[in-house]
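Student: quick one: sequence plus predicted model below, questions after.
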Amino acid sequence: MTPRHVFYIIFLFGATILEKVRCEGEHCVAGNPALCPFTNGVIMDCIYHAAIIGGCGCWRCYCPTYAPDIPGHGCVPLPTRIGQSCLFQNNTLSCYILSGVAVCDREAAIPYTCQCLAPWYVPSDDMTECIPKPVQLGDRCTRLAKCEDNIPNAICGEEGQCVCEPGTYPNVDERSCFHAPRIVEEICNEVSTCNNIPFSECVLGQGGISTCQCAPLYNVPNTGRADRCLPSMIGLPCSGNGANCDLI
């Protein structure tokens, strides 16, 4: 036996002894996590740790990926909802993974919690993501992402999108809803017609905005609300919803 062979045998023997000593302190056996410590409500994973050359392998307890090991605190779960703590991670990355527009806010009502990037985003109803505040009809809405905050006369519809409240109609830019015209000069369109104002019609005006105007040869009353148009000469129709001949 050559000196080289003797050295190799001694090396293997020593490595085995050292490995056995190291393995005696392991916390689990053959992948059984029940023997691992229970920390912060997290069950650690029992994972096989490969041995060095010539030694034995060990089953060891490791924090799972969803709860990384924080020195001095054990396995600390990553936040899974807006409002949960990011204190031990102490950085925005853990919140960013949760939602791309969430940050670890140390100045929140509860410091060091994941919060949506204000004022442009708000939590979803289940608090698992941040969604943009709705600004026009059709945008997603929730209990916290209220349509009426930015879209006049809009509500959150059954499908979770901003829609006009009953009795109102969308503006051309879909950033507001308006009631059906009731007086002359109010905005109108092909959906929201001027039917509530007798002898009026929807007329396209300057700036591309249509408003209710009295039909030719009809005018608004001299007194009171401009909620109707009256005939201005003999022979014109005058029936319907209080229209009369006061202007003649």
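Tutor: In hand now; what should we look at?
Student: grab the most central residue of this protein for me.
Tutor: The residue lying closest to the centre of the chain (CA atoms, centre = their mean) is residue 131, at 2.0 Å.
Student: who's it bridged to?
Tutor: Under DSSP bridges, the beta-bridge partners of residue 131 are residue 122.
Student: that one contacts residue 121, correct?
Tutor: Yes - using CB atoms under 8 Å, residue 131 is in contact with residue 121, at 6.5 Å. The C-beta positions use only the backbone N, C-alpha and C, and glycine is treated the same way.
Student: re the thing from before, okay, the residue nearest to the centre of the chain: pLDDT?
Tutor: pLDDT for residue 131: 92.
Student: and it, what is it in contact with?
Tutor: 121-124, 140, 142, 145 (CB atoms under 8 Å, 6 or more residues apart in numbering).
Student: any chance of those in TSV, plus pLDDT?
Tutor: Converted to TSV, the contacts of residue 131 look like this (pLDDT from 0 to 100):
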residue	pLDDT
121	93
122	91
123	91
124	90
140	94
142	90
145	91
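Student: and the furthest pair within these?
Tutor: 123 and 140 (12.4 Å; CB to CB).
Student: before we move on, back to that, which of the contacts of residue 131 lies closest to residue 170?
Tutor: Top of the list for closeness to residue 170, among the contacts of residue 131 and by CB to CB, is residue 140 at 16.9 Å.
Student: circling back to that earlier point, so how far is residue 82 from the residue nearest to the centre of the chain?
Tutor: 11 Å (CB to CB, to the nearest Å).
Student: who has more neighbours, residue 123 and residue 140?
Tutor: residue 123 (22 against 16; other CB atoms under 10 Å).
Student: was I right to think the more buried one contacts residue 98?
Tutor: No - with contacts counted by CB under 8 Å, residue 123 stays clear of residue 98, the gap being 10.7 Å.
Student: give me the common contacts of these two.
Tutor: Applying CB under 8 Å, 6+ apart, one finds that residue 123 and residue 98 are jointly contacted by 82, 129.
Student: coming back round to it: mutual contacts of residue 131 and residue 82, please.
Tutor: 123-124.
Student: what are the neighbouring residues in contact with the closest residue to residue 209 other than its chain neighbours?
Tutor: Residue nearest to residue 209 in three dimensions, not counting chain neighbours: residue 187, with 6.4 Å by CB to CB, 6 or more residues apart in numbering. With contacts defined as CB under 8 Å, 6+ apart, residue 187 is in contact with 171, 178, 181, 209-211.
Student: domain assignment for the protein?
Tutor: The record assigns the chain these domain ranges, following automatic domain parsing: 3-70, 78-132, 183-248.
Student: who wins for proximity to residue 159 among those?
Tutor: Ranking those by proximity to residue 159 (CB to CB) places domain 78-132 first, at 13.7 Å.
Student: and the end-to-end length of that closest one?
Tutor: End-to-end span of domain 78-132 (CA to CA, to the nearest Å): 23 Å.
Student: chain center to it, what's the gap?
Tutor: 11 Å (CA atoms, centre = their mean, to the nearest Å).
Student: any weak-confidence spans in the chain?
Tutor: Low-confidence segments of the chain (pLDDT under 70): 1-34, 51-57, 90-92, 239-243.
Student: try 80
Tutor: The chain contains residues with pLDDT under 80 at 1-35, 37, 49-58, 88-93, 96-99, 190-192, 222-225, 239-248.
Student: distance check, residue 176 against residue 148.
Tutor: Taking CB to CB, one finds residue 176 at 11 Å from residue 148.
Student: again but with residue 103, I slipped
Tutor: Residue 103 is 27 Å from residue 148, by CB to CB.
Student: same check on residue 84?
Tutor: Using CB to CB, residue 84 is found at 29 Å from residue 148.
Student: around residue 109, how many other residues sit close by?
Tutor: The tally of other residues near residue 109 (other CB under 10 Å) stands at 8.
Student: tell me the secondary structure at it.
Tutor: Per DSSP: H, G, I helix; E, B strand; the rest coil, the secondary structure class of residue 109 is coil.
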